[in-house]
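1. Fold the following and give me the result.
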Amino acid sequence: MAHIHEKIDFTVSVFVVHESKVLLIHHRGLDQWLPLGGHIELDEDPEAAAHREALEESGLEVELLGERPPTTGPGTRALIAPRFLDIHRITGTHEHIGMIYWARPKNGNLKLAAAEHHDIRWCSNAELNGLEPAMSDAVKWYCRKALEEVR
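-> Numbering: from 1, shown residues only. Model (predicted):
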């Protein structure tokens with residue numbers, strides 16, 4: 001999806017962990033190894049965006065991990081809190097506020113979204129340093145933290 005706002009957009013990143021491996025995509029346009037994710041669209045909340053992006057980019061339905069407060073009531077719906085938040089620069093004048101989620105695969109069959117990605121693969125902690133092109137230190141940190149926390 002194109003940027004919604006000129007200066008800042010909200011995004012989700014979904015680090016899916018299964019059998020001590022994290023799911024990564026090699027993004028075509030950015031030529032980077034990244035988790036599943038993308039922009040939060042105008043008609044969706046962060047949870048919906050995380051589920052949609054995971055399904056579109058991997059063919060997998062996922063279970064988001066995290067705490068949902070027991071505060072849902074009339075006119076209010078509690079959301080699963082992201083594990084982390086960050087802000088990262090995209091261009092000289094545009095930034096993304098990233099909501100970073102941990103997840104487990106729930107259903108579906110892994111498939112490559114060939115129009116968007118060169119590759120999709122499960123990577124162990126040991127394999128992260130050998131990816132080409134090299135993964136950014138920030139993404140590698142999140143991968144390792146997800147692998148440490150999701151059992």
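2. quick one: low-confidence parts of this structure?
-> 1-4 (pLDDT under 70).
3. Can you show me the strands along it?
-> For the chain, applying DSSP state E gives strands covering 8-18, 21-27, 32-34, 36-39, 60-65, 84-91, 94-108, 117-123.
4. Which one of those lies nearest to residue 77?
-> strand 60-65 (14.2 Å; CB to CB). Quick note: C-beta positions are derived from backbone N, CA and C, even for glycine.
5. residues touching the closest residue to residue 23 other than its chain neighbours, list them.
-> Using CB to CB, 6 or more residues apart in numbering and skipping the chain neighbours, the partner closest in space to residue 23 is residue 16 (4.2 Å). Listed by CB atoms under 8 Å, 6 or more residues apart in numbering, the contact set of residue 16 reads 22-23, 35-36, 54, 58, 60, 62, 103-105.
6. Turn these into TSV, columns for distance to residue 146 and neighbour count.
-> As requested, the contacts of residue 16 are arranged in TSV below (distance: CB to CB, whole Å; neighbours: other CB atoms under 10 Å):
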residue	distance to residue 146	neighbour count
22	6	25
23	10	25
35	8	25
36	12	26
54	14	28
58	15	23
60	15	23
62	12	24
103	9	27
104	10	14
105	13	20
